[in-house]
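>>> here is a sequence with its predicted model. Questions after.
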Amino acid sequence: MTQMPDPTRPLKIGTRGSVLALAQAHETRARLMAAHDLPAEAFEVVVIKTTGDRVTDRPLKEIGGKGLFTKEIEEALTQGEIDIAVHSMKDMPTIQPDGLLIDCLLPREDVRDAFVSPHVASIAEIPEGAVVGSSSLRRRAQLAHRRPDLKLVEFRGNVQTRLKKLQDGVAVATFLAMAGLRRLDMLHVARSAIDPAEMLPAVAQGAIGIERRDDDMMTAALLRPIHDVETGQRIAAERAFLARLDGSCETPIGALAELIDGRLVLRGQILLPDGSIEISGRRDGEIADGPAMGHDLAEELLAKAGPGFFDHI
Ligand SMILES: NCc1[nH]cc(CCC(=O)O)c1CC(=O)O
């Protein structure tokens, strides 16, 4: 039997205040309510402002540091101001602070990137030399690799801001995660979903992870029934790949693990930010070997890249 939270004290769910983050916190609450037959009042959603939310006028790369969107939330969790933190796993560093742990993943959403443009229907149709906006180093590098003729510009802000920029003609197209659009009920914004063979998604794209204190066994028991085992296996392989590359916001990296006929298939890619070099590979093995495959695939790509590769970044 699961130990229930103290009914006089709601379980505090920490999250960023963005519309997407709130949607993810509410999805987590709904799954916990359903799994334990609890009312909404058993939970309290606590909004925490992070450095990444506060500074909106500069590229993320310039503000620097890992965990721009997580530090303040993790501090609140460590201090017991919240009981769990809901995160987009894509934005999470590979190592959690001492005393914290992510062992609960919700079922993964669509992993693909969306092509967004009021003017053209696909990457191939973007006119020669046109301007494309994206805040993602990975997407810019991947696009530059395929279409060196395009002009790529930084594009920050929420979905509405970005769509406005497209309407205003600042750029002809941009990219967003299908998962985010789906959770915001804005799938109509996507002109098309891009095949991962054309644009390999970010590590853990589309996955929501729930962080807790590692010694909080009551919360661990509460989370257990909403954990999705398959998502956990895929994310473990992708994050092992990322961890070996010591990936940060500075390095364009793509990876995707899929379970196919009971085996784990992992694709990985690294690029130079200008897209001039792209190195990729693939592994196939037992599901339980996912983390080892991630590590080994990263070593293979690093060996192919050679010692000077990261000096370009
Ligand atoms: N870096 C921002 C971010 N973090 C997670 C998502 C989307 C949801 C997801 O991938 O789980 C997004 C927005 C985007 O890339 O369009």
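Looks like it came in fine.
>>> so residue 95 lies in a helix, does it not?
No - applying DSSP: H, G, I helix; E, B strand; the rest coil, one finds residue 95 to be coil, outside a helix.
>>> could you count how many residues lie near it?
Residue 95 is flanked by 11 other residues according to other C-beta atoms under 10 Å. Yep, even glycine has a C-beta here, placed from its N, CA and C like the rest.
>>> try the one 4 residues further on
The number of residues packed near residue 99 is 13, by other C-beta under 10 Å.
>>> likewise residue 188?
Residue 188, neighbours per other C-beta under 10 Å, totals 7.
>>> can you check the one 5 residues further on too?
Applying other C-beta under 10 Å, we find 16 residues neighbouring residue 193.
>>> A strand includes residue 282, no?
Yes - using three-state DSSP, the assignment for residue 282 is a strand.
>>> residue 154 touches residue 135, doesn't it?
Yes - at 6.2 Å, residue 154 counts as touching residue 135 under the criterion of C-beta atoms under 8 Å.
>>> higher neighbour count, these two?
Neighbour comparison, residue 154 and residue 135: the larger count goes to residue 135, with 18 against 15 (by other C-beta under 10 Å).
>>> next, the more buried one: secondary structure please.
With three-state DSSP as the basis, residue 135 sits in coil.
>>> pretty sure residue 189 contacts residue 114?
Yes - using C-beta under 8 Å, residue 189 is in contact with residue 114, at 7.2 Å.
>>> so which of these two has more stuff around it?
Using other C-beta under 10 Å, the more surrounded residue of residue 189 and residue 114 is residue 114, with 22 against 17.
>>> report the beta-bridge partner residues of the more buried one.
Going by DSSP bridges, residue 114 is paired in beta bridges with residue 176, residue 193.
>>> could you point out which element follows whichever helix or strand residue 209 is part of?
Here residue 209 sits within strand 208-213, counting by DSSP states H and E. The first helix or strand that comes after strand 208-213 along the chain, using DSSP H and E, is helix 217-223.
>>> now that following helix: buried residues?
Within helix 217-223, the residues scored as buried using 16 or more other C-beta atoms under 10 Å are 219, 220, 222, 223.
>>> using JSON lines, lay out those together with pLDDT and distance to the ligand.
Formatted as JSON lines, these follow (pLDDT from 0 to 100; distance: C-beta to the nearest ligand atom, whole Å):
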{"residue": "219", "pLDDT": "98", "distance to the ligand": "22"}
{"residue": "220", "pLDDT": "98", "distance to the ligand": "23"}
{"residue": "222", "pLDDT": "98", "distance to the ligand": "23"}
{"residue": "223", "pLDDT": "98", "distance to the ligand": "18"}
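>>> around the ligand, which positions in the chain sit nearby?
Residues of the chain lying close to the ligand by C-beta under 6 Å from any ligand atom are 88, 90, 91, 176, 177, 179, 180, 205, 206.
>>> name the nearest residue to the fifth one, sequence neighbours excluded.
Computed as C-beta to C-beta, 6 or more residues apart in numbering, the closest residue to residue 177 that is not its neighbour in sequence is residue 205, at 5.7 Å.
>>> how about the strands in the stretch 1-150 of the chain?
11-15, 43-47, 84-88, 100-105, 113-116, 131-133 (DSSP state E, counting those that start in this stretch).
>>> tell me what the first one is packed against?
Looking back up the chat, that one is strand 11-15. The contact analysis (3 or more C-beta pairs under 8 Å, 6 or more residues apart in numbering; DSSP states H and E) places strand 11-15 against helix 19-36, strand 43-47, helix 71-78, strand 84-88.
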